[in-house]
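**Q** below is the sequence, then the predicted model.
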Amino acid sequence: MARHCTEANLVEKAVGYWLKAGQLALGRMALPEAIAHLNCGLAIVHKLDQSPQRDGLELQVRGALGTAWWARKGWMAEEMVDALKPALKIAKASGQPGAIIQVLWGLWVYYLIRGRVRESVPLAEEALRVAQEGDDEDLLVARVIAAATHFWHGELTEAVKQGDAILALYDERKHWHIADQFNHDPKTIVGIYGQHCLWILGYPDQALDIARSKDEHARWRNHPFDLGFALTQGAHIYDYLGDATALRVRAEEAERLGAERGLPTFEIMGQALQGVALVRAGNYDRAVPVLRAAIERWHSTGARFWGRYIRGVLAEALARSGKVEQSLEVCDDVLAEIEQPECRERWHYAELLRLRGWILSVKGDVRAAEQSYGTSLEWARQQQAKSWELRAAMSLARLWRDQGKVQQARELLAPVYGWFTEGLHTRDLKEAKTLLEELAA
């Protein structure tokens, strides 16, 4: 019908049919087909006389096209920005909060994924302001943007608050369609960032519970992009816990999903996490080329966020395989990027500083190592990041123990370990208990 109407010069009907065809293809994740249909509609919409109806059609076509390109090529697709930038003016002129937020989401995620975390903040703040004039769904989506922004900035308690607010608004049946519009389901997003935040804040059992619940929900929702994100960004709890097998299983599934559904983002992320799993299993020499290849592919897409964490793991693998100078160079490069004003990706900043301290201690530069551990502790305490604080305290306690400062080491580590009320069976807390017993002997 779209083709027939186009040939008959029934432009308004044709655009409507191209839009419907594109939306149906997008719902099936038939992405090349969706993009083709929507581009056909966009190519002729300018033939219509200027009117609110014409603007509304163009806005819908551009919004759906942005979502399709985002799924097809990942969050950093230039084509997504090309589709959405002209739509922002139209959306604001329409005064429709939902339309404005959809465009802001696409532009926000583009800057975020390219590692320009600070530049994404004004877009997140604008989405929240606009949502106050809309309905519950508008507020739900705006809070998803806010939760993610707080997380990447390392504002962990604020991210948790936004997540709680999302769950209070969320209705599975009512909000089923959001994943089709934004490629992410809000409840899945809460689980993904929640498992990060809760573990970092010192609640490993709660983090594992929400991670498992998130996987169950993502599989039930069964949106390929949403599930791929759950299997990758949402699998970090197994990295934190040192569960190499669980991490590898999810990484392999994500890579298969990406290959089968034409979603290269998750092929790359799956490959990277398989490298992380090799590190956690102690296979450092095997891990290095896997991680390097994944990082190169990730950077080739224009993405920078998340890759900085993977590069930190690469630095660890290099040091453990005897390449200490290369390791320090990688770690310093990542820290330098994070410290740039336009970046400020802080969620794992304390752990990177601790890692740098450990590499320096391996190199034999004890004084510099102690300074880096101290800075890591300061950042962890500022963020209330108890799990990062525990790791930094253990590293510094070992350094002091080796210098004969046993009492000082014990006084540093004991209160941090004593703060924890759950997860005492996990790797980090078991190591901390063993170290305290050694210091008390």
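**A** Structure's in. What do you need?
**Q** which non-adjacent residue is nearest P341?
**A** R118 (6.5 Å; C-beta to C-beta, 6 or more residues apart in numbering). Backbone N, C-alpha and C define where each C-beta goes, glycine included.
**Q** same check, this time on L104
**A** Distances taken as C-beta to C-beta, 6+ apart put A127 closest to L104, at 4.7 Å, once the chain neighbours are dropped.
**Q** which strand or helix spans the one you found?
**A** Secondary structure from DSSP states H and E places A127 in helix 117-131.
**Q** thinking again about what came up before, pull the number of nearby residues for the residue nearest to P341.
**A** A total of 18 residues lie near R118 under the criterion other C-beta atoms under 10 Å.
**Q** so what's it up against?
**A** Going by C-beta atoms under 8 Å, 6 or more residues apart in numbering, R118 touches P341, E342, C343, R344.
**Q** can you flag the buried ones in the residues you listed?
**A** The neighbour-count test (16 or more other C-beta atoms under 10 Å) marks C343, R344 as buried among those.
**Q** how close does V130 get to W105?
**A** Per C-beta to C-beta, to the nearest Å, V130 is found 11 Å from W105.
**Q** now do N222
**A** For N222 relative to W105 (C-beta to C-beta), the value is 22 Å.
**Q** just L112 next, same as before
**A** Computed as C-beta to C-beta, the L112 to W105 distance reads 10 Å.
**Q** check V45 too.
**A** Separation of V45 from W105 (C-beta to C-beta): 22 Å.
**Q** got a pLDDT number for M394?
**A** For M394, the pLDDT comes out at 98.
**Q** quick one: it from L198, how far?
**A** In this view, M394 and L198 are 20 Å apart by C-beta to C-beta.
**Q** then F266?
**A** Distance of F266 to L198, computed by C-beta to C-beta: 24 Å.
**Q** more crowded one of the two?
**A** The residue with more neighbours, out of F266 and L198, is F266; 27 against 23, by other C-beta under 10 Å.
**Q** quickly find the element holding that one.
**A** Assigned by DSSP H and E, F266 belongs to helix 264-280.
**Q** with E351 instead?
**A** In the assignment (DSSP H and E), E351 maps to helix 349-363.
**Q** so which of V130 and W105 has more stuff around it?
**A** Between V130 and W105, counted using other C-beta under 10 Å, the more crowded position is W105 (26 against 22).
**Q** ok, that one - contacts?
**A** Taking C-beta under 8 Å, 6+ apart as the test, what W105 contacts is A127, V141, I145, F182.
**Q** same question for R410.
**A** A397, L436, L439, A440.
**Q** so which of the residues you listed is the most crowded?
**A** A397 (27 neighbours).
**Q** what helices and strands are in contact with the very next helix or strand once past the helix holding A127?
**A** Next along the chain after helix 117-131, taking DSSP H and E as the criterion, comes helix 136-153. Here helix 136-153 touches helix 97-113, helix 117-131, helix 156-169, helix 178-182, helix 186-201, going by 3 or more C-beta pairs under 8 Å, 6 or more residues apart in numbering; DSSP states H and E.
**Q** which one of those helices lies nearest to A8?
**A** Judged by C-beta to C-beta, the one of these that comes nearest to A8 is helix 97-113, at 29.2 Å.
**Q** got the CA positions of the closest one in PDB?
**A** Output of helix 97-113 as PDB, limited to C-alpha atoms (Å, rounded to 0.1, in the frame of the first residue of the first chain):
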ATOM      1  CA  PRO A  97       6.600  15.600  26.300                       C
ATOM      2  CA  GLY A  98       6.700  12.000  25.100                       C
ATOM      3  CA  ALA A  99       8.000  13.100  21.600                       C
ATOM      4  CA  ILE A 100      10.600  15.400  23.100                       C
ATOM      5  CA  ILE A 101      11.900  12.700  25.500                       C
ATOM      6  CA  GLN A 102      12.200  10.100  22.800                       C
ATOM      7  CA  VAL A 103      14.500  12.500  20.800                       C
ATOM      8  CA  LEU A 104      16.400  13.500  23.900                       C
ATOM      9  CA  TRP A 105      17.000   9.800  24.800                       C
ATOM     10  CA  GLY A 106      18.600   9.100  21.400                       C
ATOM     11  CA  LEU A 107      20.900  12.100  21.600                       C
ATOM     12  CA  TRP A 108      21.700  11.500  25.200                       C
ATOM     13  CA  VAL A 109      22.700   7.900  24.600                       C
ATOM     14  CA  TYR A 110      24.900   8.900  21.700                       C
ATOM     15  CA  TYR A 111      27.000  11.300  23.800                       C
ATOM     16  CA  LEU A 112      27.100   8.900  26.700                       C
ATOM     17  CA  ILE A 113      28.300   5.900  24.700                       C
END
